[in-house]
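Novice: need coordinates for the following:
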Amino acid sequence: MFNWLRKGKKGERTSNKRDDSIKAMMRVAEARGILEGDSLAFIPEITPMYKRASNFFLQLLAEQEPEMTETMASLICRYLFAKGVEGVMLWGASPNGHISILFHPKHLVGPMETDVPPHLHKLVVDSLHLGEELFRAHQAFVMEHQFEDSFDLDAEIEKTIEWMPRFGISYGLAQRYQVLMVGS
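Specialist: Numbers count the residues shown, from 1 in each chain. Modelled structure (predicted):
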């Protein structure tokens with residue numbers, strides 16, 4: 001069973017007092033069919049695994065030279081989005097809802113490895129562009145608001161990376177990818 005997360009839900013690190021990069025990405029996600037109405041679909045059983053992966057990649061990002069932050073954040077976002085899509089496929093085939101996914105930094109720039117059959121691997125890789133498009137919405141938000149007194153670039157990047165797998169999962173569910181491996 002999957003659930004729906006309302007955009008701007010209290011406690012989900014979106015600000016009600018002003019716009020933020022998550023709201024900017026939600027607008028793009030809605031236009032691309034990643035949302036159902038104003039809701040982001042998610043799978044409770046796999047959410048903690050993606051939170052840990054996001055934290056791992058945030059730590060990796062923190063260790064990079066400052067001039068590499070934007071490039072690395074972009075690569076991480078598209079990768080985590082695609083891994084969210086892969087997770088939906090694996091979750092759909094799992095008898096108990098529990099899955100295991102390999103997250104590796106070498107896949108940020110090299111060939112991406114997945115645990116799905118080749119014809120489904122293509123769907124995962126093809127979804128990278130949507131993660132990139134969502135990251136561009138984050139960038140546009142940053143460009144527009146970076147000189148505001150209350151603007152916190154690090155917090156915006158952190159939220160963007162934390163939310164990216166959620167967007168991938170929601171996209172996979174919207175595309176009904178959870179049924180593609182059933183019986184495989």
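
Novice: any idea how many residues pack against the closest residue to residue 105 other than its chain neighbours?
Specialist: Nearest non-adjacent residue to residue 105, counting by Cβ to Cβ, 6 or more residues apart in numbering: residue 60, 5.9 Å away. C-beta here means a position set from N, CA and C on the backbone, and glycine is covered the same way. Look at residue 60: counted by other Cβ atoms under 10 Å, it has 13 neighbours.

Novice: who touches the helix or strand where residue 60 lies?
Specialist: Using DSSP states H and E, residue 60 sits within helix 47-62. Contact with helix 47-62 is made by 69, 72-73, 76, 79-80, 83-84, 87, 99-101, 103, 105, 157-158, 161-162, 164-166, 169, as judged by Cβ atoms under 8 Å, 6 or more residues apart in numbering.

Novice: of these, just the buried ones, PyMOL syntax please.
Specialist: In PyMOL, a selection of the buried entries from those looks like this (16 or more other Cβ atoms under 10 Å):
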select buried, resi 72+73+76+79+80+83+84+87+99+101+103+157+158+161+162+164+165+166+169
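
Novice: grab the nearest non-local neighbour of the spatially most central residue of the chain.
Specialist: Centroid-nearest residue in the chain, with Cα atoms, centre = their mean: residue 164, separated by 1.8 Å. What sits nearest to residue 164 in space, not counting adjacent residues and going by Cβ to Cβ, 6+ apart, is residue 80, at 4.2 Å.

Novice: the residue nearest to the centre of the chain contacts residue 74, doesn't it?
Specialist: No: in this structure, residue 164 is not within contact of residue 74 by Cβ atoms under 8 Å, at 10.5 Å.

Novice: and residue 42, backbone torsions?
Specialist: With angles defined as degrees, to the nearest 10, residue 42 sits at phi -150, psi 160.

Novice: mutual contacts of residue 164 and residue 74, please.
Specialist: residue 135.

Novice: returning to what we had before: okay, the residue nearest to the centre of the chain: pLDDT?
Specialist: With respect to pLDDT, residue 164 scores 97.
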